[in-house]
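Asker: Curious how this folds, go ahead:
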Amino acid sequence: MDRSTKKLPEAQTAALPLPPLPSSKTDPTSRVGFSDKVVKVENDRKKYLTAKYGQHQMALIKKRLSVELWLIEELQMLYPKEGPGSSSSGYGSDVVDECDIDLDDLLDMERDDERRRFLRQKLSACPQPSIVVARFIEDLLVKAKSL
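Answerer: Residues are numbered from 1 along each chain as shown. Purely as a prediction, here's the structure:
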């Protein structure tokens, strides 16, 4: 019979007592010490939360992000920034504050006529001609349906 498959009698398999651990009172070098530098370096590090998504979920996130970016770009064209402090692009960066269109609120509505009414109300102060605003609303509704 092979040595590795031999069974030992139970008396031999009983746990042997381990020698006592040295007491921290008697041995000052047995303590664990932490340097303040290590703690400080860890506190200075930036922490990021990352998550791994499946392919389908990542595709949905990218699609949603592209619609959000398109929405911001279109709103910047609908609300041009005027005055002496205007940027080189000619469009305001505070557009989201002027016209806050929440895509989630839009998607929560069940019917297109509700969505159109909601968007017309949000865009009521838009300085662009009504035909431009109407085209923007229709384009946004098409993009919202794709989400």
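Asker: Please identify the buried residues of the host helix or strand of Leu71?
Answerer: Assigned by DSSP states H and E, Leu71 falls within helix 55-78. Buried residues in helix 55-78, counted by 16 or more other C-beta atoms under 10 Å: Val67, Leu71, Glu74, Leu75, Gln76, Leu78. For every residue, glycine as well, the C-beta is placed using N, CA and C.
Asker: Need those residues in JSON lines (columns: distance to Ala125 and pLDDT).
Answerer: Below are these laid out as JSON lines (distance: C-beta to C-beta, whole Å; pLDDT from 0 to 100):
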{"residue": "Val67", "distance to Ala125": "23", "pLDDT": "95"}
{"residue": "Leu71", "distance to Ala125": "17", "pLDDT": "93"}
{"residue": "Glu74", "distance to Ala125": "16", "pLDDT": "92"}
{"residue": "Leu75", "distance to Ala125": "12", "pLDDT": "91"}
{"residue": "Gln76", "distance to Ala125": "15", "pLDDT": "90"}
{"residue": "Leu78", "distance to Ala125": "10", "pLDDT": "90"}
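Asker: by contact count, what packs against the helix holding Leu71?
Answerer: When contacts are defined as 3 or more C-beta pairs under 8 Å, 6 or more residues apart in numbering; DSSP states H and E, helix 55-78 packs onto helix 95-98, helix 103-108, helix 130-145.
Asker: Figure out which of these is closest to Ile61.
Answerer: When the helices and strands packed on helix 55-78 are compared by C-beta to C-beta, helix 103-108 sits nearest Ile61, at 13.2 Å.
Asker: Okay, Ser124 and Asp105: tell me how far apart.
Answerer: Noted for Ser124: a distance of 16 Å to Asp105, by C-beta to C-beta, to the nearest Å.
Asker: okay, the buried residues of helix 55-78 in JSON lines with distance to Lys145 next?
Answerer: Formatted as JSON lines, the buried residues of helix 55-78 follow (distance: C-beta to C-beta, whole Å):
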{"residue": "Val67", "distance to Lys145": "11"}
{"residue": "Leu71", "distance to Lys145": "14"}
{"residue": "Glu74", "distance to Lys145": "16"}
{"residue": "Leu75", "distance to Lys145": "19"}
{"residue": "Gln76", "distance to Lys145": "23"}
{"residue": "Leu78", "distance to Lys145": "21"}
